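> The following comprises the amino acid sequence and a computationally predicted model.
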Amino acid sequence: MDKFNVFVPKLLPEHEFFAPGHRACVGCAEALAVRLVCKALDRNTIVVNATGCMEIVASPLPETSWELPWIHTLFENTAAVASGIESGLKAMMRKEELPQSKISVVAIAGDGGTSDIGLQALSGALERGHHMLYCCFDNEAYMNTGIQRSSSTPFGASTTTSPAGKVSMGQVTWKKNMPAIAAAHNIPYVATACPSYPFDLMDKVKRGLKCNGPAYLHILSPCPTGWRCAPDIAVRIGRLAVETAIFPLYEVIDGEYKLSMDFPQIRPVQEYLKLQGRFRHLSDDAIKHIQERVTSDYLKLKKKSGVPA
């Protein structure tokens with residue numbers, strides 16, 4: 001499988017389009033993910049940001065960490081605003097009100113603003129074929145408003161609206177497969193990524209921006225606050241999510257699946273779950289059930305990718 005050596009560290013741009021000084025929680029892997037995405041952008045980029053953690057921590061009036069043109073929009077219409085900007089730029093260039101140039105449009109939102117509230121606008125933008133990159137920073141709940149469940153919350157996780165207790169084991173539904181939903185729109189590029197694998201993440205941003213049409217990037221973003229884990233192990237947890245196949249890294253290029261990384265043997269899911277307080281209530285039977293589902297899903301993904309099981 002591909003190794004993550006596309007970027008040479010010494011050749012990475014030193015300028016930070018997502019500047020330090022923001023107010024993210026200690027150990028926030030989503031802030032790291034945003035920084036890495038911005039490392040792969042250039043100055044000719046417009047960012048559309050849904051309401052959420054990154055909007056709150058990076059833009060407290062009168063300050064901002066954004067050193068690119070940046071627009072804050074609502075939970076539900078990030079993709080609609082981004083597609084409008086993309087269409088407006090094309091119209092202005094066609095009318096010679098702007099010089100012909102490549103201006104990237106990047107939409108960013110959390111899992112709530114993507115898989116729940118913003119799904120209709122995202123689906124419409126993908127179906128219409130707008131040339132834009134949509135990045136979902138997935139911390140698996142509505143962390144900004146109090147750790148409420150979303151459709152991206154994994155099975156068994158305890159949140160404030162799916163609490164574990166005497167008659168409940170936490171979240172009882174399985175995580176919505178947003179990359180598959182995006183791929184079902186027959187767009188040129190879909191991929192998963194994680195800041196624990198930085199060069200893979202930046203490479204996928206570059207690939208998405210080069211597409212002639214919409215691209216969707218789903219980025220797992222460990223959240224120490226909501227996941228109830230130590231802030232200094234967020235990167236380790238992200239790696240375990242990949243190594244256990246709970247969050248495999250892959251691309252869908254023009255409908256063709258391709259694993260970014262494979263392992264001779266995946267690690268037990270318990271190694272990932274035991275580091276997070278949101279899973280501490282799970283019984284051995286529940287962990288076994290999760291392991292069976294993860295293994296089954298990963299074998300299906302390998303088959304789609306043409307990789308021997």
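On my side now, so go ahead.
> So which residues of the stretch 51-200 of the chain form strands?
Read by DSSP state E, counting those that start in this stretch, the stretch 51-200 of the chain holds these strands, from start to end of the chain: 70-73, 104-110, 133-138, 189-193.
> which ones are touching the most centrally placed residue in the chain?
What sits nearest the mean C-alpha location of the chain, by CA atoms, centre = their mean, is I219, with 2.2 Å. By CB atoms under 8 Å, 6 or more residues apart in numbering, the contact set of I219 is A33, V37, C135, C136, F137, D138, T192, A193, C194, P195, L201. No exception for glycine: its C-beta is placed from N, CA and C like everyone else's.
> Columns distance to D262 on top of those, output as CSV?
Supplementary listing: these in CSV, determined by distance: CB to CB, whole Å:
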residue, distance to D262
A33, 22
V37, 24
C135, 24
C136, 23
F137, 25
D138, 21
T192, 13
A193, 16
C194, 15
P195, 20
L201, 18
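> picking up where we left off before, within the helices and strands, which one has the residue nearest to the centre of the chain?
In this structure, I219 sits in strand 215-220 according to DSSP states H and E.
> Alpha carbons of that strand, in PDB - could you do that?
What follows is strand 215-220, C-alpha atoms only, in PDB (Å, rounded to 0.1, in the frame of the first residue of the first chain):
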ATOM      1  CA  ALA A 215     -14.500  16.600  -3.600                       C
ATOM      2  CA  TYR A 216     -15.400  15.400  -0.100                       C
ATOM      3  CA  LEU A 217     -12.900  14.700   2.600                       C
ATOM      4  CA  HIS A 218     -14.000  13.100   5.900                       C
ATOM      5  CA  ILE A 219     -11.400  13.800   8.700                       C
ATOM      6  CA  LEU A 220     -11.600  12.000  12.000                       C
END
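> ok, then the element right after it?
Once strand 215-220 ends, the next helix or strand along the chain (criterion: DSSP H and E) is helix 224-227.
> tell me how far that next one is from the chain's mean position?
Per CA atoms, centre = their mean, to the nearest Å, the displacement of helix 224-227 from the mean C-alpha position of its chain is 16 Å.
> Likewise for stretch 21-29?
Stretch 21-29 has its C-alpha centroid displaced from the chain centroid by 17 Å (CA atoms, centre = their mean).
> hey, where'd the helices end up in this protein?
Listed from the start of the chain, the chain has helices (DSSP state H) covering 29-39, 53-58, 78-94, 111, 119-128, 178-183, 198-210, 224-227, 234-243, 269-273, 284-304.
> Out of those helices, the one nearest Q171 is which?
Evaluated over these, closeness to Q171 peaks at helix 284-304, with 11.1 Å, by CB to CB.
> Tell me which other helices or strands the closest one touches.
Helices and strands in packing contact with helix 284-304 are listed as strand 256-259, helix 269-273; criterion 3 or more CB pairs under 8 Å, 6 or more residues apart in numbering; DSSP states H and E.
> what would the ones you listed look like in JSON lines with mean pLDDT and distance to A19?
Rendered in JSON lines, the data for the helices and strands packed on helix 284-304 read as follows (pLDDT from 0 to 100; distance: least, CB to CB, whole Å):
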{"stretch": "strand 256-259", "mean pLDDT": "98", "distance to A19": "34"}
{"stretch": "helix 269-273", "mean pLDDT": "98", "distance to A19": "32"}
